[in-house]
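K.L.:
Can you look at this prediction? I've put the sequence above it.
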Amino acid sequence: MSPKPRPEILSIQPYVGGESTLQGANRVYKLSSNEGAFGPPPTAQAAYQRLGSELHRYPDGDARELREAIGARFGLDPARIVCGAGSDELISLLCHAYGGPGTELVMSAHGFLMYAISGAAAGCRVVKAPERNLTADVDAILAAVSPATRLVFLANPNNPTGSLLPQSELERLRRGLPDEVLLVIDAAYAEYVDRADYDPGSALVAAGENTVMTRTFSKIFGLAALRLGWAFAPAAIVDVLHRVRGPFNANAAAQAAGIAALAEPGWVEKCRAHNSEWRARLSGMLADLGIKVWPSEANFILADFGTPAKAQSADQFLRARGIIVRRVAAYGLAQCLRITIGTAEECTLVAESLAHFVRMEKEKADG
């Protein structure tokens, strides 16, 4: 007889990342994982390479220099920052530390899949609150809260929809939640937001003892391969995270590259400007083709083809041309494809390919 895991573990559908390869394709355009359009900053690449002769050394388990660099860049107290192997690790640690059997985790209906996976792995019952126009609904989230609720997760902007709640709604959500419920604001795409009234969550963290903000180096800083994330949290929650995290959970190469990336002059501004321009241009080009594009504040758009069959046909058409985008049926959005904002060449190629697809579909319909 073999060992058996807890029953809820076997109910989890493993997370499947965006594909990277296509058999038979001479060149692949990967727009399936929301990676930075320009890769990692040059100084981060150099910092990573310098670590080659030091791979036998353990990293700084406290990530002191990295936390100080993050604090200086974003105006935050380094003592209230915890680093991890991507924000995914920190999400999991929070679920295990504050959830568990008999508790509930509330998230929006189309929220990031790792909340449900990490919550279920910790033994939580996961409750998904309905959204309104593919945007988190504060009233629906509050209505889903019960005496068993211990965690509420909200991505802002959200993946895969790109939607954003204004600060006033975030504040209303926090006010409406019981004090003992931990609100986790996942701001993985914060650097792409170009709205002056946006706060990624740090203000709410600073205002109380029951909110955490998570961030990542995987997107605009282009360090997805190194798995580096961080959380800004109240002192008591920082203490808990340090108790449950691994002693060397942020590797040395990631720490060095992260410090360098934060200091790269003009990097964030350049990437944000490119993203804002091409997100608007690609959205407009697809809209002109009759393809609905949901509003996005992140480095991707959600293209809505109306039916799952049409979305699948469009995906196959793009794949035949070496373009990989993201199917999002696992999020309950089988009629949509999520498309990362890549380089100008990649965005133009997507638009031209979908224009060809739309013409072909029209010719079929016309007989």
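P.N.:
Received, thanks.

K.L.:
what packs against the helix-or-strand element of the chain with minimal mean pLDDT?
P.N.:
Least confident helix or strand, the chain: helix 344-366 with a mean of 92, by mean pLDDT, DSSP states H and E. Here helix 344-366 touches strand 29-30, helix 267-288, helix 308-319, strand 323-324, going by 3 or more Cβ pairs under 8 Å, 6 or more residues apart in numbering; DSSP states H and E. C-beta here means a position set from N, CA and C on the backbone, and glycine is covered the same way.

K.L.:
Residues contacting that helix, please?
P.N.:
29, 31, 37, 274, 278, 281-282, 285-286, 289-291, 303, 310, 313-314, 317-318, 321, 323, 325, 339, 341-342 (Cβ atoms under 8 Å, 6 or more residues apart in numbering).

K.L.:
Quick one: buried ones out of these?
P.N.:
With burial judged by 16 or more other Cβ atoms under 10 Å, the buried subset of the contacts of helix 344-366 is 29, 31, 37, 274, 278, 282, 285-286, 289, 291, 303, 310, 313-314, 317-318, 321, 323, 325, 339, 341-342.

K.L.:
hmm, who's touching stretch 138-153?
P.N.:
91, 94-95, 98-100, 102-108, 111-112, 115, 119, 124-125, 127-132, 154, 165, 169, 172-173, 176-178, 180-184, 186.

K.L.:
got the end-to-end distance for that stretch?
P.N.:
12 Å (Cα to Cα, to the nearest Å).

K.L.:
Show me which parts of stretch 342-357 are buried, residue by residue.
P.N.:
Using 16+ other Cβ under 10 Å as the test for burial, stretch 342-357 gives Gly342, Glu346, Cys347, Leu349, Val350, Ala351, Ser353, Leu354, Phe357.

K.L.:
Out of those residues, flag the one nearest to Gln49.
P.N.:
When the buried residues of stretch 342-357 are ranked by distance to Gln49 (Cβ to Cβ), Gly342 comes first, at 24.8 Å.

K.L.:
Give the burial count for Gln45, as a bare number.
P.N.:
When neighbours are defined as other Cβ atoms under 10 Å, Gln45 has 16 of them.

K.L.:
Point me to the helix or strand that includes it.
P.N.:
Gln45 is part of helix 42-50, with elements assigned from DSSP states H and E.

K.L.:
Run the chain-centre distance for the helix or strand following that helix.
P.N.:
For helix 42-50, the following helix or strand on the C-terminal side (DSSP H and E) is helix 64-74. Remark: helix 64-74 is offset 21 Å from the chain centroid, using Cα atoms, centre = their mean, to the nearest Å.

K.L.:
So which of the contacts of stretch 138-153 are in helices?
P.N.:
Among those, the ones falling in helices (DSSP state H) are Ile91, Leu94, Cys95, Tyr98, Tyr115, Gly119, Glu169, Arg172, Leu173, Gly176.

K.L.:
so which of those residues comes closest to Leu228?
P.N.:
Minimum distance to Leu228 across the ones in helices among the contacts of stretch 138-153 is 14.1 Å, recorded for Ile91 (Cβ to Cβ).
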